[in-house]
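**Student:** Predicted model and sequence follow; I will ask about them next.
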There are 2 protein chains.
Amino acid sequence: MRKSPQSTVKLQVAVLGPLGTYTHEAAFAKFGTQADYNEQQTIAGVFHALSETIPLGVVPQENSIFGNVIETYDALQHAGFVRGEITLKVQHCLLVRKGVKMDDIQKIMSHEQALGQCQDFIADKFPAALTEKMPSTASAARALLENPPNCAAICSKICAHIFEGLEVLREGIQKEALNFTRFYIITRSQNTPTPPLLLMTCSRTALLRLTAPLHSARHGTLLSHLNSLQLNVIRIDRRPLANSISFHDMYYVEIRGNSDGNEDSWVLVVNTALQRVRSSGGEVDLAGIW
Amino acid sequence: MRKSPQSTVKLQVAVLGPLGTYTHEAAFAKFGTQADYNEQQTIAGVFHALSETIPLGVVPQENSIFGNVIETYDALQHAGFVRGEITLKVQHCLLVRKGVKMDDIQKIMSHEQALGQCQDFIADKFPAALTEKMPSTASAARALLENPPNCAAICSKICAHIFEGLEVLREGIQKEALNFTRFYIITRSQNTPTPPLLLMTCSRTALLRLTAPLHSARHGTLLSHLNSLQLNVIRIDRRPLANSISFHDMYYVEIRGNSDGNEDSWVLVVNTALQRVRSSGGEVDLAGIW
């Protein structure tokens, strides 16, 4: 049902599946029909799928309501390198088989979270309808094809493109008006050649991994290392450092170039900042730059 | 099955249930038989249970392998105040009905996570045994009483105290040698009188809530506020700020008094630090001090 590649070889992009989820929609918003999308069952699977033939992946990094996605941060401890970001407004849509009208709908299927976010819409428009929880919003759309026509699915509008015979009946039916998800575009390593499609304007953003022992004898270690960067810290996330002494932490620090920065290469600016942290005894490395 | 209070009124402590879980064990390690434990189904439930008759609660804050417990941080946005901490080494034990020997065991029940952490032990000692997933480690222990005697449960050793007729056959059977969980002891608010049992030596620790808009025009806002504290920052955790503009963050910042601090009251030191942050335009308040 997915549009197949033509004679030219398309860019291959691994995404958290199944196709039709919001990660797929975010990737599609970036790469459109110039890419083919390789679905993976898990976030770790997207990282593992990266290869010479699949140079890019897209994984969720955080949602404005639910917070950060720890699977993505934990995968970044061992693999992958961030090369870009995509922010998507989560817009739940009501999909049906073509020709089905609002009055026909007697059952609404979706992922539990989406059903919850649209419960006001459902109570208002379909007070008598059954609701059915599905493993994902995309699987709810797929199920429309195997159910009687009096069913609807709550999902991303991209499902109307990838499943033939479906159409969007309503858009933006969720309660939370401001629901954004931010995604990272990842490559296998910093040395992976950047595909031409990803040649973007520099965002002067970078993601660092900074380890900080909790019981350090040194005064203010974490803070002094952050200060040594001399750059604008915009996000700090903490995860347990894998295979370490208990409660030693890995901090993921996102930095952004100062807006008054000059024309210096952003890569040079970041590498110089990392060197300053290392000179003062900090353990830091680069997990992404874009 | 739980030991009932005697004629004197005991301290009431709300814990994440069911009784027999590690939160209960941590609370018991602190308050022992001088308290009665009130089980709650969820972390939010522990916060809601706090009242004049139940002045204290115990909730997990972080695990050294799995990271922080977001339900606890999110509950602290609206309710509760941290008054202490407990760190517990997670020691999975093999429990059976009294008299059952290793050779008798044909089925092992536990929570999925505990079964996974003990899979080496199970494969080594019971290669032919069935395993059965249960909703919690404590419910596995409880199920021993309703199953044939050739069953075992993997759970906290406190289950041998609360369920009559069970005994510990092996201790510390998990693969991860270093598996600690840290808990917060909470009260309803900063003004809740401290129960005498909680009169502890001052740990010179505090938890702050610091809000930081992502797209601030000010340079280095988050970092400058952290610096204004002039105290040792030992943990930083980020959560979405509830009911806010998307991607505005709430940072939970744990600070510890400098070891070379003088005899100043820790409360005074912290309040002075908060005042410095506010003077420079920061939005900060106190979520706990102990």
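**Tutor:** Everything's here; your move.

**Student:** C-alpha from now on. contacts and neighbour counts both.
**Tutor:** Will do.

**Student:** got a list of what residue A:154 touches?
**Tutor:** By Cα atoms under 8 Å, 6 or more residues apart in numbering or on different chains, the contact list for residue A:154 reads A:92-95, A:108-111, A:114-115, A:137, A:140-141.

**Student:** pretty sure residue A:18 contacts residue A:38?
**Tutor:** No - using Cα atoms under 8 Å as the test, residue A:18 is too far from residue A:38 to be in contact (9.3 Å).

**Student:** ok so, going back, identify, from the contacts of residue A:154, the entry nearest to chain B.
**Tutor:** residue A:92 (16.9 Å; Cα to the nearest Cα).

**Student:** pLDDT score for that closest one?
**Tutor:** Predicted confidence (pLDDT) for residue A:92: 95.

**Student:** wouldn't it be in contact with residue A:157 here?
**Tutor:** Yes - judged on Cα under 8 Å, residue A:92 makes contact with residue A:157 at a distance of 7.5 Å.

**Student:** Residue A:192: which element?
**Tutor:** Using DSSP states H and E, residue A:192 maps to neither a helix nor a strand.

**Student:** swap that for residue A:94, please
**Tutor:** Using DSSP H and E, residue A:94 falls in strand A:93-97.

**Student:** That strand pairs with which strands, and in what direction?
**Tutor:** Counting by DSSP bridges, the strands paired with strand A:93-97 are strand A:151-155 (antiparallel), strand A:166-171 (antiparallel).

**Student:** By neighbour count, which of the contacts of residue A:154 wins?
**Tutor:** Counting neighbours by other Cα atoms under 10 Å in any protein chain shown, residue A:141 leads the contacts of residue A:154 with 30 neighbours.

**Student:** low-scoring stretches of the stretch 101-250 of chain A, by residue?
**Tutor:** Filtered on pLDDT under 70, the stretch 101-250 of chain A yields the residue ranges A:199-201, A:213-220, A:244-247.

**Student:** Tell me the confidence at residue A:65?
**Tutor:** At residue A:65, pLDDT is 84.

**Student:** Next, the distance between the ends of stretch A:124-142.
**Tutor:** Counting by Cα to Cα, to the nearest Å, you get 25 Å between the two ends of stretch A:124-142.

**Student:** how distant is it from the center of its chain?
**Tutor:** Centroid separation for stretch A:124-142 versus its chain: 24 Å, with Cα atoms, centre = their mean, to the nearest Å.

**Student:** what comes up buried for it?
**Tutor:** A:126, A:131, A:134, A:136-142 (16 or more other Cα atoms under 10 Å in any protein chain shown).

**Student:** what does it rub up against?
**Tutor:** For stretch A:124-142, contacts defined as Cα under 8 Å, 6+ apart pick out A:18-21, A:95, A:105-112, A:114-115, A:152-156, A:159, A:163.

**Student:** re earlier: and of the buried residues of stretch A:124-142, the nearest to chain B?
**Tutor:** Distances from chain B to the buried residues of stretch A:124-142, taken by Cα to the nearest Cα, are shortest for residue A:134, at 21.4 Å.

**Student:** Next secondary structure after the helix ranked longest in chain A?
**Tutor:** When every helix of chain A is counted residue by residue (DSSP state H), the longest turns out to be helix A:266-279. For helix A:266-279, the following helix or strand on the C-terminal side (DSSP H and E) is strand A:283-289.

**Student:** how about that following strand: buried residues?
**Tutor:** A:284-289.

**Student:** so what does that strand touch, helix or strand wise?
**Tutor:** strand A:81-89, strand A:205-212, helix A:266-279 (3 or more Cα pairs under 8 Å, 6 or more residues apart in numbering or on different chains; DSSP states H and E).

**Student:** how about the residues of chain A that lie near chain B?
**Tutor:** A:64-68, A:178-180, A:214, A:219-220, A:222-223, A:226-227, A:231-240, A:242, A:245-247, A:258 (Cα under 8 Å from any Cα of the partner chain).

**Student:** which residue packs closest to residue A:71, ignoring adjacent ones?
**Tutor:** Spatial nearest neighbour of residue A:71, excluding adjacent residues (Cα to Cα, 6 or more residues apart in numbering or on different chains): residue A:43 at 6.5 Å.

**Student:** and the spatially most central residue of chain A, which of the three is it?
**Tutor:** In chain A, the centroid-proximal residue (Cα atoms, centre = their mean) is residue A:60; its distance is 1.9 Å. Following DSSP: H, G, I helix; E, B strand; the rest coil, we place residue A:60 in the strand state.

**Student:** Number of residues surrounding the nearest residue to it once chain neighbours are set aside?
**Tutor:** Closest residue in space to residue A:60, ignoring its immediate chain neighbours: residue A:183 at 4.2 Å, by Cα to Cα, 6+ apart. Residues lying near residue A:183 (other Cα under 10 Å) number 25.

**Student:** Secondary structure element holding residue A:183?
**Tutor:** Assessed by DSSP H and E, residue A:183 sits inside strand A:180-187.

**Student:** now the angle from that strand to strand A:283-289?
**Tutor:** For strand A:180-187 against strand A:283-289, the angle by axes from the mean of the first three to the mean of the last three Cα atoms, to 10 degrees is 100 degrees.

**Student:** Strand A:180-187 pairs with which strands, parallel or anti?
**Tutor:** Applying DSSP bridges to the sheet, strand A:180-187 is found paired with strand A:56-63 (antiparallel), strand A:81-89 (antiparallel).

**Student:** how far does the first one sit from the chain's center?
**Tutor:** How far strand A:56-63 lies from its chain's middle: 2 Å, per Cα atoms, centre = their mean.

**Student:** go on, the last one?
**Tutor:** Its chain's average C-alpha position is 7 Å from that of strand A:81-89, according to Cα atoms, centre = their mean.

**Student:** Check stretch A:176-184 too.
**Tutor:** Worked out by Cα atoms, centre = their mean, stretch A:176-184 lies 10 Å from the chain centre.

**Student:** Stretch A:112-119 too?
**Tutor:** Centre to centre, stretch against its chain (Cα atoms, centre = their mean), the figure for stretch A:112-119 is 20 Å.

**Student:** what do you get for stretch A:186-201?
**Tutor:** Worked out by Cα atoms, centre = their mean, stretch A:186-201 lies 17 Å from the chain centre.

**Student:** Repeat that for stretch A:58-73.
**Tutor:** With Cα atoms, centre = their mean, you get 6 Å for stretch A:58-73.

**Student:** How far does that stretch stretch from one end to the other?
**Tutor:** Start-to-end, stretch A:58-73 (Cα to Cα) is 13 Å.

**Student:** And for stretch A:191-206?
**Tutor:** OK, stretch A:191-206 end separation, Cα to Cα: 15 Å.

**Student:** which other residues reach it?
**Tutor:** Contacts of stretch A:191-206 (Cα under 8 Å, 6+ apart): A:11, A:31, A:55, A:254-257, A:266, A:270, A:286-290.

**Student:** Report the buried residues of that stretch.
**Tutor:** Buried residues in stretch A:191-206, counting neighbours by 16+ other Cα under 10 Å, are found at A:204-206.

**Student:** Next: stretch A:50-69.
**Tutor:** Residues A:50, A:54-65, A:67-69 are the ones in stretch A:50-69 that count as buried (16+ other Cα under 10 Å).

**Student:** what's near enough to touch the residue nearest to the centre of chain A?
**Tutor:** So residue A:60 contacts A:23, A:69, A:72, A:181-184 (Cα under 8 Å, 6+ apart).

**Student:** now swap in residue A:254 and tell me
**Tutor:** Here residue A:254 is in contact with A:205-208, A:233-236 (Cα under 8 Å, 6+ apart).

**Student:** 10 Å instead?
**Tutor:** A:205-209, A:231-237, A:287-289 (Cα atoms under 10 Å, 6 or more residues apart in numbering or on different chains).

**Student:** same question, residue A:27
**Tutor:** Residue A:27 sits in contact with A:13-16, A:35-37, A:57-59, A:85-86, A:88, A:183-185, where contact means Cα under 10 Å, 6+ apart.

**Student:** From those, pick the one nearest chain B.
**Tutor:** Using Cα to the nearest Cα, those come closest to chain B at residue A:88, 11.7 Å.
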